[in-house]
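Peer 1: Following is a predicted model, sequence given first.
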Amino acid sequence: MYCLESFCTDPVENLNFEEKLCSLNTEIFMLWRNSPSIIVGRYGNIENDVDVDFANSNNIKIVRRNSGGGTVYHDLGNVNYSFIMKDNKNLTLEYFSRIIIKTLYKIGINANLEFSHNDIKADGLKISGSAQYHNHGVILHHGTLLFDSDLKIMQKILKNCGHVANIRPMLKNDMNINEFMKGIFENVEF
Amino acid sequence: MLNFNNDVKYTKSNEWAKKFENFIRVGIDDYSQSSLGDIVHVEISEIGTHVEAGKPFGKIEATKSVSDINSPVSGVITKINNEVIENPGIINIAPFDEGWLIEIEPENISEFDALMDSGEYKKFISK
């Protein structure tokens, strides 16, 4: 498994890069961040989910991804992770979410899986969501980790924003986002 | 308990194909629908599209997961089940019957003959 970090923060470039990685026939774990943007699921309805006027007036890009699931807000306080692997039926949303939960535990966050939506929660609030795309025998499983996102903007721009929280205030020992990403790389087990 | 239909043949990517006089009807099988979970969206190429055996003709979204649906045989799509486009949950309820997806006019019937029968498929998915 190759571990890599994208230093690009353009959402279109990152999603295109992720798609290209899926065609390499190599198993990859990647962390990446996007500048403020709205990422819509393959069949998501932008008008229903997003305050488009607010997005446009604040230069927030709206980008569609290939995977399923709902519409999410990204900014530089959110860390995205991607697993790219040879597909098999055991690689469920739950399988990958448990890897993330275990990794977060080692960093100092007690999180758990909310089964109905496969969201990861801490203190009863959503800190991570995920989605998958199965294509030509390859699975892409990717998700968000709300570390230090602007939740006010998120709640303003997403019409159906649920009860979410950032990870950073939950940490016993504070760290910045680079240390958080380093902690994920050091503790994630495949 | 998974259902297997002895009147159809199966692909390694979990689609079924049933031979009629002039066409092959295609869907996803019970193993696939139960693995996917609640199906919420189906996307299928248009009637008249040429499809190739083993290549995708559409996509299915279930529980945040989007998957390709591959064609068991090469040929041209002659009919689409619009019921499943309107109500994708039918696939979960009746994958072999009302939940069929497309009909294909096949180019090479030997591609159909080469698919797995029910017994071979049971062994394949239990590996």
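Peer 2: That came in fine, so what should we check first?
Peer 1: Near chain A, which residues of chain B are found?
Peer 2: Counting by Cβ under 8 Å from any Cβ of the partner chain, chain B comes close to chain A at B:35, B:40-41, B:43, B:56, B:59, B:61-68. Every residue, glycine included, has its C-beta placed from N, CA and C.
Peer 1: and B:Val76, how many residues sit next to it?
Peer 2: B:Val76: 15 surrounding residues under other Cβ atoms under 10 Å in any protein chain shown.
Peer 1: Need the residue closest to the centroid of chain A.
Peer 2: Centroid-nearest residue in chain A, with Cα atoms, centre = their mean: A:Thr144, separated by 1.8 Å.
Peer 1: contacting residues for the residue nearest the centre of chain B?
Peer 2: By Cα atoms, centre = their mean, the mean C-alpha position of chain B lies nearest to B:Gly27, the distance being 2.4 Å. Going by Cβ atoms under 8 Å, 6 or more residues apart in numbering or on different chains, B:Gly27 touches B:15-16, B:91, B:95-96, B:99-101.
Peer 1: Could you check how far the nearest residue to B:Gly27 once chain neighbours are set aside is from chain A?
Peer 2: Of all residues not flanking B:Gly27 in the chain, B:Trp100 sits nearest, at 4.3 Å (Cβ to Cβ, 6 or more residues apart in numbering or on different chains). Per Cβ to the nearest Cβ, to the nearest Å, B:Trp100 is found 21 Å from chain A.
Peer 1: Return the set of buried residues in stretch A:166-178.
Peer 2: The neighbour-count check on stretch A:166-178 (16 or more other Cβ atoms under 10 Å in any protein chain shown) flags A:166-168, A:170-171, A:175, A:177 as buried.
Peer 1: Return the subset of those lying in helices.
Peer 2: Using DSSP state H, A:Ile177 are the members of those that sit in helices.
Peer 1: out of the buried residues of stretch A:166-178, who's near chain B?
Peer 2: Answer for those near chain B: none qualify (Cβ under 8 Å from any Cβ).
Peer 1: Between all of the buried residues of stretch A:166-178, which two are separated the most?
Peer 2: A:Met170 and A:Ile177 (14.2 Å; Cβ to Cβ).
Peer 1: what's the longest helix in chain B?
Peer 2: When chain B is parsed with DSSP H, its longest helix is helix B:118-126.
Peer 1: Show me what that helix is packed up against.
Peer 2: Here helix B:118-126 touches strand B:9-10, going by 3 or more Cβ pairs under 8 Å, 6 or more residues apart in numbering or on different chains; DSSP states H and E.
Peer 1: which is the next helix or strand following the strand it packs on?
Peer 2: strand B:15-19 (DSSP states H and E).
Peer 1: what pairs with that following strand, and is each one parallel or antiparallel?
Peer 2: strand B:9-10 (antiparallel), strand B:24-28 (antiparallel) (DSSP bridges).
Peer 1: And those strands: which comes nearest A:Ser116?
Peer 2: strand B:24-28 (23.4 Å).
Peer 1: Only C-alpha atoms, please: export the closest one in CSV.
Peer 2: Extracted as CSV, the C-alpha positions of strand B:24-28 are listed here (Å, rounded to 0.1, in the frame of the first residue of the first chain):
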residue,chain,number,x,y,z
ILE,B,24,-31.0,-11.4,-23.8
ARG,B,25,-32.6,-9.9,-20.7
VAL,B,26,-30.1,-8.7,-18.1
GLY,B,27,-30.2,-7.8,-14.4
ILE,B,28,-28.2,-8.0,-11.2
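Peer 1: roughly how far apart are A:Met1 and chain B?
Peer 2: 21 Å.
Peer 1: Tell me the predicted confidence for that residue.
Peer 2: On the pLDDT scale, A:Met1 is placed at 92.
Peer 1: That one: what's it in contact with?
Peer 2: A:27-29, A:190.
Peer 1: give me the number of residues near B:Asp7?
Peer 2: 9.
Peer 1: who's in contact with the nearest residue to it once chain neighbours are set aside?
Peer 2: Leaving out its chain neighbours, the residue that sits closest to B:Asp7 by Cβ to Cβ, 6+ apart is B:Lys18, at 6.1 Å. When contacts are counted by Cβ under 8 Å, 6+ apart, B:Lys18 touches B:7-9, B:24-26.
Peer 1: try it again with 10 Å
Peer 2: Residues near B:Lys18 by Cβ atoms under 10 Å, 6 or more residues apart in numbering or on different chains: B:5, B:7-9, B:24-27, B:72, B:96, B:100, B:103, B:112.
Peer 1: State the phi and psi torsions of residue 46.
Peer 2: I went with chain A, as the question did not name one. For A:Ile46, the backbone dihedrals are phi -60, psi -50 (criterion: degrees, to the nearest 10).
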